[in-house]
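Colleague: what would the 3D arrangement of this be:
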Amino acid sequence: MKTRELIIIGGGPAGYTAALYAARADLEPLVIEGFQWGGQLMITSDVENYPGYADGVMGPEMMADFRRQAERFGAEFITDDVTRVDFSEQPHRVYVGDDEYAARTVIIATGATARFLGIPSEEKHKGRGVSACATCDAAFFRDKDVYVVGGGDSAFEEALFLTKFASRVHLVHRRDEFRASKIMVDRADRNEKLDYVLNAVVDEIVGDAKVEALRLRSTVTDETWEVPADGLFVAIGHDPSTALFVDQLDHDDQGYLVTVPGSTATNIPGVFAAGDVQDHTYRQAITAAGSGCMAALDAERFLAALEGHPGTALTAGR
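Modeller: Coordinates of the predicted model:
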């Protein structure tokens, strides 16, 4: 079995950027991108905050551009899901069903997925008024009436950011007390464009081509009522895609992979993590791409150290 220099697990901004840098350094990376390649941007309609796309770009189109660029320099792709890994010795082993692949370095870029409400109408309206990222989509709701679901710091951050664009922001929470820090609640209390809908949940999203209204339900009386709405932002957390790795790699109490400060290195030599799988702070395409670049640089330097000479292929040219 051929031992490769690098295997990249995951096919979003982090994985494709790592593949681009590694391919340009003649590391001939194998990218096992998954059936749902492209990451969360594949369900994002318009991307207007990524440098280089002055007129904006559809999320799937941008991911296709990333992929083609990496492929141009020799990255190889498998559009399938990794089913098992073994990082216990060199070379590291990655499995896709019964197929086994070996590499001296591995970059994990499996991302994270936003938690959604799980109601039937939610999937239909994703990208049509339902979002899990205010930083990504708030500008599309200028002068609109929007709702945010959640009660933690991230929900308050989303709601406060939305007040810069929306005419009115309503924060829906299933209890009458918030998990958010006092400073975040105080900021929201002072914001005249933001109000609360407490002891309530979203039962249904109403609308055909776009969100037109929400049906809310009281968690106290079970009463339901309908409110007009132009958009719904779900901010109840993210789940990193780490199920394959938690028994072998260090992770924090939220399940995100832990990397060495100032590096993308994990606790296993030769295994690196990039993008949302290790980032629960920024979660942007641009930061994921940046950490994918970092992971490729770190992998190249690791390989150079194994060979006993300084590596220059990646670090010499940007």
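
Colleague: every contact and neighbour count from this point should use C-alpha atoms.
Modeller: Noted.

Colleague: check which helices and strands whichever strand or helix holds Y16 sits against.
Modeller: If you go by DSSP states H and E, Y16 is part of helix 13-24. Contacts defined by 3 or more CA pairs under 8 Å, 6 or more residues apart in numbering; DSSP states H and E place helix 13-24 against strand 3-9, strand 30-32, helix 59-72, strand 99-108, helix 285-307.

Colleague: quick check: angle from it to helix 59-72?
Modeller: Per axes from the mean of the first three to the mean of the last three CA atoms, to 10 degrees, the angle that helix 13-24 makes with helix 59-72 is 20 degrees.

Colleague: which residues in this structure form helices?
Modeller: With DSSP state H, the ranges of helices along the chain come out as 13-24, 59-72, 120-125, 134-137, 153-162, 182-190, 285-307.

Colleague: tell me which of those sits most buried.
Modeller: helix 13-24 (a mean of 30; mean count of other CA atoms under 10 Å).

Colleague: chain center to that helix: distance?
Modeller: Put simply, helix 13-24 sits 16 Å off its chain's centre (CA atoms, centre = their mean, to the nearest Å).

Colleague: same check, this time on stretch 201-214
Modeller: Per CA atoms, centre = their mean, the centroid offset for stretch 201-214 relative to its chain is 25 Å.

Colleague: show me which positions of that stretch end up buried.
Modeller: Using 16 or more other CA atoms under 10 Å as the test for burial, stretch 201-214 gives 201-207, 210-214.

Colleague: try stretch 89-106
Modeller: So, applying 16+ other CA under 10 Å, buried residues of stretch 89-106: 91-96, 101-106.

Colleague: list the helices and strands the helix or strand bottoming out on mean pLDDT in the chain packs on?
Modeller: Least confident helix or strand of the chain, by mean pLDDT, DSSP states H and E, is strand 46-47 with a mean of 76. Applying 3+ CA pairs under 8 Å, 6+ apart, one finds that strand 46-47 makes contact with strand 57-58.

Colleague: sheet-wise, list the partners of the strand it packs on with their directions.
Modeller: strand 46-47 (antiparallel) (DSSP bridges).

Colleague: tell me where the model's unsure across this structure.
Modeller: Within the chain, the stretches with pLDDT under 70 are 43-45, 308-318.

Colleague: just put the buried residues of stretch 201-214 in a markdown table and tack on distance to E300.
Modeller: Formatted as a markdown table, the buried residues of stretch 201-214 follow (distance: CA to CA, whole Å):
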| residue | distance to E300 |
| --- | --- |
| V201 | 49 |
| V202 | 48 |
| D203 | 50 |
| E204 | 49 |
| I205 | 48 |
| V206 | 51 |
| G207 | 50 |
| K210 | 46 |
| V211 | 47 |
| E212 | 51 |
| A213 | 51 |
| L214 | 50 |
